[in-house]
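Chemist: fold the following.
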Amino acid sequence: MKTPLGGPFQSNGHKHMLGALQHIDFPMRRYKNGEQVDFCIVGVGSAGGVLLQRLARAGFSVVGLEAGPFWDTERDWVSDEAGSYNLYWNELRITGGTDPLALGANNSGRGVGGGSVHWAGFTPRFHPSDFRVYTEDGVGVDWPISYGDLKPYYELLEREIPVSGPAYYPWGDPHGYPYGPHPMGGCGDILIKGCTRLGIGVSIGGPVAILAGSHGDRPHCIYRGFCIQGCKVGAKQSTLISHVPDAIEHGAEIRDHCMASRINLGSDGRVTGVTYFDRHGIESAQKAKVVIVCGYAIETPRLLLNSACPGHENGLGNSSGTLGHYLMAQAGNVVLGRFEELVRMYKAPPAHALTEEFYETDPKRGFARGFAVQTVGPLPISFARQMMVAKGAWGWGMRQVMMDYNHWGAIALLGEILPWDDNRVELATEKDRHGLPVAKVTFNLHDNDKKLIEFGKNKVMEIMHAAGAQEV
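Modeler: Below is the predicted model of the structure:
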C-alpha cells in the first residue's frame, strides 16, 4: 500500500500549541465503544505520531493509545529544568547488570509526542557501513535493507520536519541539508577550535530538527536553552506539533492517559485489538484490524511479553526467543572544560556542531566501529550532577562551581555500543499500579564497548585541551 506523501508537510502546530488539551482548533473524531477501526497504534511518539498522520491522511480509521497526557504546551510546560520531570517515563522499571542504564529523562518519553518532546533534535543519518557491520567488521549483524533503501526517506523527512544543517556534510554518504545552519554557540566554538588545531574535520551548525528560520506557522529558535525540556515556542520538531494536529484534522483519534495492557488474538490466531486501562483505571478494549506497537525499545517488548497467551506462551512475536534481547544503548560520555572566557553553553541547540572523523572502524585502534563527537549543553542541575561525580562538589564547594557555570563548556562522544544477547528487556516480578509486570532492563558493557569509550573519552579530552581549556 502506498500512502500519499505529497510534498513537505505543513503543520498547524502553532494553533495546536495554544489549545492542545481542549482541541479547540481540532475537534477530534471519537470512535464508538466497541467499534472496530482499521488501525490501533500503541504509543503516539516519534514513530506513532507519523504513522497516525499518514494512515489518517490515507483515509483509514485509526486510534492512537498514549499512556501519558496530551500536552498543552502553554499550561503544562515551564522554563524550568526541574519542572520538566513529567515529560519522561518515570513509572517503575527495574534496571541492573554490570553497567545498569539510568532510565527516565535520558531515554523514554511519556505523553503525546513521546521522546520527540524532549530529544535534542540531533538528526545525522546512518552511514552506509551501519547496514553491513558484520560483513565489513565481523561484529553485530547486517541489516536486511541498505542505506540506499532509506535514503529517499531521509531526504523526505529532512524537508518535512525540517532539518537545519550545513550545505555540505562530508561523512557517510556526503549530502547537504535543505535549511540553513544555526549560528555557533560557545560549545560549538570550542569544538571547532579544538578540532581545527588538531587537524580534525568538523561540521558547523547542525544537523538538528530545530528551525534556524521560521517555517510554516512555526517560529525560529530563540536559543533559550530548553531543547530537552520541551520547546515551548515550537521551533524544535516533535510529532506533537509536526504531525499529530494534521492527523486529528484527518479523522484520527488519540486517547491519552491510556495504558495498553495486552494485544488480543482471536481464535484464528490473528490480532483483534488492544486491551488498555483508561485515565480512570477502568479496563477497556479497542477492536482493530491491525495493531502497530510504537512503544520504543523498552515498552514495546514489555507489552509483547505481557501479551503471552496459549500458543504464544513466551510472548507475541517471540518465535525466535529473542524478544527483548540485544538491547542497544549508546555511549554518551560528557567531557567538561573550564575556560577563561565566557562560554554560556545553554545559548544554542545542545547539538549544533560535530565531527564524525572517528565514526568508521579503524583497525589500529583495537576495536570495531566508532563514534561521533558533538556539542552538548547541560543546564545547571544536570551540570551540578556531573560535577558531583567529576569533582566531588558539595555544599559550599558546589556553590563555587555553580557560580562558575558560564565559564564551562561540554562536549560528548556519541559511541556505538554493539548488540549483545545479555543486554535485554524482560518482565520483572514487580508490578505497576495497573497490576502489570514492569520491565526489567539488564545492561552490560563488553570489551569492545569499553575500548571504544576509553579511546573516545581521551580523544574528546584532547580536543578540549587543544581548544584552550584550563581544566578538563
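Chemist: state the distance from residue 35 to residue 290.
Modeler: Here residue 35 is placed at a distance of 15 Å from residue 290 (CB to CB, to the nearest Å). Where you see a C-beta, it was placed from the backbone N, CA and C, and this is true even at glycine.
Chemist: the two - which one has more neighbours?
Modeler: residue 290 (15 against 12; other CB atoms under 10 Å).
Chemist: and the pLDDT at the more buried one?
Modeler: What the model reports for residue 290 is a pLDDT of 98.
Chemist: residue 7 now?
Modeler: 38.
Chemist: can you pull out the low-pLDDT segments for the chain?
Modeler: Counting by pLDDT under 70, the chain has low-confidence residues at 1-26.
Chemist: which residue lies farthest from the center of it?
Modeler: For the chain, the residue at maximal distance from the C-alpha centroid (CA atoms, centre = their mean) is residue 267, at 37.3 Å.
Chemist: assign a three-state SS to that residue, would you?
Modeler: coil (DSSP: H, G, I helix; E, B strand; the rest coil).
Chemist: cool, the one 5 residues further on as well?
Modeler: On the three-state scheme (three-state DSSP), residue 272 is labelled strand.
Chemist: again, but for the one 3 residues further on
Modeler: State at residue 275, reduced to three classes by three-state DSSP: strand.
Chemist: for it, which residues are in contact?
Modeler: 260-264, 283-285 (CB atoms under 8 Å, 6 or more residues apart in numbering).
Chemist: quick one: the strands in the stretch 201-350 of the chain, in order.
Modeler: 203-204, 253-255, 259-265, 271-277, 283-293, 330-331, 334-338 (DSSP state E, counting those that start in this stretch).
Chemist: sheet partners, orientation included, of the fourth one?
Modeler: Strands adjacent to strand 271-277 in the sheet, as given by DSSP bridges, are strand 259-265 (antiparallel), strand 283-293 (antiparallel).
Chemist: buried residues in the shortest one?
Modeler: Across strand 259-265, burial judged by 16 or more other CB atoms under 10 Å covers 259-265.
Chemist: just the CA trace of that strand, in PDB.
Modeler: Output in PDB follows, covering the C-alpha atoms of strand 259-265 (Å, rounded to 0.1, in the frame of the first residue of the first chain):
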ATOM      1  CA  MET A 259      -2.000   2.300  29.200                       C
ATOM      2  CA  ALA A 260      -2.000  -0.700  26.900                       C
ATOM      3  CA  SER A 261      -2.000  -3.900  28.900                       C
ATOM      4  CA  ARG A 262      -2.200  -6.600  26.200                       C
ATOM      5  CA  ILE A 263      -2.700  -7.300  22.500                       C
ATOM      6  CA  ASN A 264      -5.600  -9.600  21.900                       C
ATOM      7  CA  LEU A 265      -5.800 -12.500  19.500                       C
END
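Chemist: so who does residue 300 touch?
Modeler: 43, 293-294.
Chemist: most neighbours among those residues, please name it.
Modeler: residue 43 (28 neighbours).
Chemist: OK, contacts around that residue?
Modeler: By CB under 8 Å, 6+ apart, the neighbours of residue 43 are 64-67, 114, 260, 293-296, 299-300.
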